[in-house]
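Novice: Fold the following.
(4 chains)
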2 protein chains.
Amino acid sequence: MSNKRKKQVTIYDLATELNVAPSTVSRALKDHFSIGKETIIAVKELAQKRGYRTNTLASSLRKQETNTIGVLVPWVNRPFISSLISGIEAASREAGYNVIISQSQDSYENEVTNAKALFGSRIHALIVSLAMETTTYDHLEEIIQSGTPVVFVDRVPQQLEGYRVMIDNFRTAREATQHLIDQGCRRIALFGGAPHQVIYQQREYGYRTALQDNGLAVDETLIHTFNRLTIEEGYRLTQQVFEGPNPPDGIFSTNDSAAVGAIKYARSAGIKIPEQLAIIGFNDDPVCEIIEPQLSSMTHPAADMGRMALQQALRIANPDSPPAARRVNLDTQVIARASSLRKG
Amino acid sequence: MSNKRKKQVTIYDLATELNVAPSTVSRALKDHFSIGKETIIAVKELAQKRGYRTNTLASSLRKQETNTIGVLVPWVNRPFISSLISGIEAASREAGYNVIISQSQDSYENEVTNAKALFGSRIHALIVSLAMETTTYDHLEEIIQSGTPVVFVDRVPQQLEGYRVMIDNFRTAREATQHLIDQGCRRIALFGGAPHQVIYQQREYGYRTALQDNGLAVDETLIHTFNRLTIEEGYRLTQQVFEGPNPPDGIFSTNDSAAVGAIKYARSAGIKIPEQLAIIGFNDDPVCEIIEPQLSSMTHPAADMGRMALQQALRIANPDSPPAARRVNLDTQVIARASSLRKG
DNA sequence: CTGGTCATGATCACGTTAAACCAATAAATT
DNA sequence: AATTTATTGGTTTAACGTGATCATGACCAG
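Specialist: Numbers count the residues shown, from 1 in each chain, chains lettered A, B, ... in the order given. This next block holds a predicted model:
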């Protein structure tokens, strides 16, 4: 019923009450050097008493700069992404920024629409993880051109020049594969993602390199590409592979979900893990510790990546800060669990 | 380097180019009835050509109303919450609103700070799920008083008058307990949450009622309270209960994590599920289908709750829409899986 | 009485839009 | 036919709250 909002307190109100000019109030609130100490105290006290809150809209409009960070991700309800957002949110709030989120739902079309919407909100900076479908980047190029800082996280664009925060996918995949080899695997299958996404290319390359490092031939029939890397896809493909000739003795899955699918099939088919089949995933989702046997994986420091992406975003275009790095790589490590650890 | 942002196109630019007044452009873009058809077309065409995007800051300032929805939750990286946010985000974007998120990290202090920050951003409405710690509500009362629509989701306040979107916790808990009874359980333990949170009170009440419905005595020693309902807590408490005298033959856990802990302990201690111990959780997190045996649970329609919360939020204070409901309850149902299904 | 601080005031401008106003033509009334 | 009234298609003005810029006045040292 009370459709009528309480009138907000403005610097003008404070000014009249204190018999000073609005601009004095404005400056006092910001501890401007040219305002007397007593005035500053008086203004702040009254502001407190009257419940004054600066109108960020007006301020942003005037300053031609918002305190809002845009985040554009495929989905918010995925373990990796939600932790990424958690990191971005925490760091943003500490730095005095708000976070607007939007999800592309892995659709290119949505990504374009949302990018435009965020851009229209005059965000201070944009942090993006690309939709699976995305192969062209005009919608983001446009934003970069406008001078808005853009930082790509994890799923980064192929060609586009820009700032990136990632893990070293090549090295991480190489280590994951090496781990399986160290555990005695000789025929390792690869469960890879959409081949136009850089991160999956790099992971495949890491896999290939590890094999070569150890003098193992790359068997192309062991390399599989997934559209969505879901549990179901992992299950189905594992089944298919094991019903064919010459099954693998190890699987390196480029995410955890597909690896879980593999474990599920193996368990249902009576395939012994890790003796007959060693499995390692990617991301170290919470599920790794829940499934039986527990799933080995590569850490993917989601929250740290979020914090780092924000830091970079704030450094771009801020001449008073250390310069932003074009490319930040965060450390990862092998978490060896029962699914790959062969005793002795 | 290009620290200088491209100057944005304004209605003023379009107006001069078309030799009309800025207000005409403004109205044309909104298909105002008093503007001629041809003018509207001409304006829109030019706007398109010049890449005009309305400055939402200016618009919001002028209209005294933003298109931003504030979301205040304990954590974004939890399955239930991230799905809730996903629902809010999707519905908001469809309705033309942005979503600002902030997490209290289950701390009362953070919740207050963030509430103030969101309020300062002049949000159109606020959707809140309370921090575990929160027991007083002045920070939210203040926002409600100001006329900003506030909708509580899931973790709602005890006394505070306000709009709520929840599930029927009482009925849902009663059904969960009844399910265990139907499967032959006679000594059912309750794993409950923070007792000052309404939802956990209601769940306990539902549990008690189900027992009484079936003529079973309530054994207070079977009722356990958890601070955080984590896997570890669930594990430890199950161990404690089973090392004591007269262990239960069923567990109703008010979230899935604690139930997973219970399964883990049972498995390690050789307790047969569901024969010796039947377990049902709450939320139907993805983990339910991953753990072995699969965990029975009660659905908790997170994304739907998010969409519904947004719908209510937009209806409050909008006289042109159907009135908002003080209380919306969404349906839930039992998902019976191996952890509780006793054959025959 | 000149010049320099210190503390503050006055004046827009940021981009948009609601409200009030206006001119010209078409339609309705006497 | 003459006059009033509506309708169409705009324009002008002001305001939303803040803050950068430039102006001002009091006081004091030299």
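Novice: List the contacts of residue A:263.
Specialist: Contacts were defined as Cβ atoms under 8 Å, 6 or more residues apart in numbering or on different chains; by that measure residue A:263 touches A:273, A:279, A:291, A:293, A:295, A:339. Heads up, the C-betas are built off the backbone N, CA and C, glycines and all.
Novice: what's the distance between it and residue B:249?
Specialist: Between residue A:263 and residue B:249 the distance is 30 Å, computed by Cβ to Cβ, to the nearest Å.
Novice: Next: residue A:119.
Specialist: From residue A:119 over to residue B:249 the distance is 59 Å, taken as Cβ to Cβ.
Novice: per-residue pLDDT, the residue in the stretch 151-300 of chain A that chain B sits nearest to?
Specialist: Distances from the stretch 151-300 of chain A to chain B, computed as Cβ to the nearest Cβ, single out residue A:292 as the nearest residue at 5.0 Å. Reading off the confidence values, residue A:292 has pLDDT 92.
Novice: Residue A:117 versus that one, what's the distance?
Specialist: Where residue A:117 is concerned, residue A:292 sits at a distance of 44 Å (Cβ to Cβ).
Novice: And these two? Which one has more around it.
Specialist: Counted by other Cβ atoms under 10 Å in any protein chain shown, residue A:292 and residue A:117 do not tie: residue A:117 has more neighbours, with 21 against 17.
Novice: I'd say that one and residue B:98 touch.
Specialist: Yes: counting by Cβ atoms under 8 Å, a contact exists between residue A:117 and residue B:98, whose distance comes to 7.3 Å.
Novice: what touches both of those two?
Specialist: Overlap between the neighbourhoods of residue A:117 and residue B:98 consists of residue A:102, taking contacts as Cβ under 8 Å, 6+ apart.
Novice: Next up, the contacts around the residue of the stretch 151-300 of chain A closest to chain B.
Specialist: Counting by Cβ under 8 Å, 6+ apart, the residues that residue A:292 touches are B:267, B:291-292.
Novice: Return the subset of those lying in helices.
Specialist: Residues of the contacts of residue A:292 located in helices (DSSP state H): residue B:267.
Novice: Which of the contacts of residue A:292 sits closest to residue B:321?
Specialist: Using Cβ to Cβ, residue B:291 is the member of those that lies nearest residue B:321, at 43.0 Å.
Novice: Tell me how many other residues surround the closest one.
Specialist: A count of nearby residues for residue B:291, using other Cβ under 10 Å, gives 23.
Novice: That one contacts residue A:289, correct?
Specialist: No: using Cβ under 8 Å as the test, residue B:291 is too far from residue A:289 to be in contact (10.4 Å).
Novice: In TSV, list the contacts of residue A:263 along with distance to DNA strand D.
Specialist: What follows is the contacts of residue A:263, written out as TSV (distance: Cβ to the nearest atom of the strand, whole Å):
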residue	distance to DNA strand D
A:273	60
A:279	56
A:291	52
A:293	58
A:295	51
A:339	55
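Novice: list the contacts for residue A:104?
Specialist: Residues in contact with residue A:104 (Cβ under 8 Å, 6+ apart) are A:72-74, A:110-111, A:114, A:131, A:134.
Novice: out of the residues you listed, which one sits closest to residue A:233?
Specialist: Nearest to residue A:233 among the contacts of residue A:104, counting by Cβ to Cβ, is residue A:74 at 16.4 Å.
Novice: out of everything not next to it in sequence, what's closest to the closest one?
Specialist: In this structure, residue A:74 finds its nearest non-sequential neighbour in residue A:106, 4.6 Å apart by Cβ to Cβ, 6 or more residues apart in numbering or on different chains.
Novice: next one: residue A:132
Specialist: Looking at residue A:132 with Cβ to Cβ, 6+ apart, the closest residue is residue A:106, at 4.4 Å.
Novice: in what helix or strand does the one you found lie?
Specialist: Using DSSP states H and E, residue A:106 sits in no helix or strand.
Novice: Now it: phi and psi?
Specialist: Its backbone dihedrals place residue A:106 at phi 60, psi 10, with angles given as degrees, to the nearest 10.
Novice: now do residue A:188
Specialist: Geometry field for residue A:188 lists phi and psi as phi -110, psi 120, criterion degrees, to the nearest 10.
Novice: Make sure it is actually in contact with residue A:178.
Specialist: No: applying Cβ under 8 Å, one finds residue A:188 not in contact with residue A:178, separated by 10.2 Å.
Novice: who has more neighbours, those two?
Specialist: Neighbours around residue A:188 and residue A:178, counted as other Cβ under 10 Å, are more numerous at residue A:188. The numbers are 24 against 19.
Novice: and the residue nearest to residue A:132, what does it touch?
Specialist: A:74-75, A:131-133.
Novice: Could you check how far the residue nearest the centre of chain A is from chain B?
Specialist: Per Cα atoms, centre = their mean, the C-alpha nearest to the average position across chain A is that of residue A:84, at 4.5 Å. Using Cβ to the nearest Cβ, to the nearest Å, we find residue A:84 at a distance of 8 Å from chain B.
Novice: Can you tell me the SS state at residue A:170?
Specialist: Applying DSSP: H, G, I helix; E, B strand; the rest coil to residue A:170 yields a three-state assignment of helix.
Novice: Name all residues that make contact with it.
Specialist: A:202-203, A:205-206, A:209.
Novice: do the same with residue A:303
Specialist: A:83-84, A:86-87, A:90, B:77.
Novice: Sort out for me which of these are in helices.
Specialist: Assigned to helices by DSSP H, the following of the contacts of residue A:303 qualify: A:83-84, A:86-87, A:90.
Novice: now the residues you listed as JSON lines including distance to residue B:236 and pLDDT?
Specialist: Output for the ones in helices among the contacts of residue A:303, formatted as JSON lines (distance: Cβ to Cβ, whole Å; pLDDT from 0 to 100):
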{"residue": "A:83", "distance to residue B:236": "25", "pLDDT": "97"}
{"residue": "A:84", "distance to residue B:236": "31", "pLDDT": "98"}
{"residue": "A:86", "distance to residue B:236": "26", "pLDDT": "98"}
{"residue": "A:87", "distance to residue B:236": "29", "pLDDT": "98"}
{"residue": "A:90", "distance to residue B:236": "29", "pLDDT": "97"}
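Novice: which of those residues lies closest to residue B:228?
Specialist: The closest of those to residue B:228 turns out to be residue A:86 (Cβ to Cβ; 16.7 Å).
Novice: The closest one reaches residue B:102, doesn't it?
Specialist: No: with contact defined as Cβ under 8 Å, residue A:86 does not reach residue B:102; the gap is 10.9 Å.
Novice: Touching, residue A:287 and residue A:261? I think so.
Specialist: No: taking contacts as Cβ under 8 Å, residue A:287 lies outside contact range of residue A:261: 11.2 Å.
Novice: Pass me the low-pLDDT residue ranges in the stretch 1-150 of chain A, would you?
Specialist: In the predicted model, the stretch 1-150 of chain A carries pLDDT under 70 at residues A:1-6.
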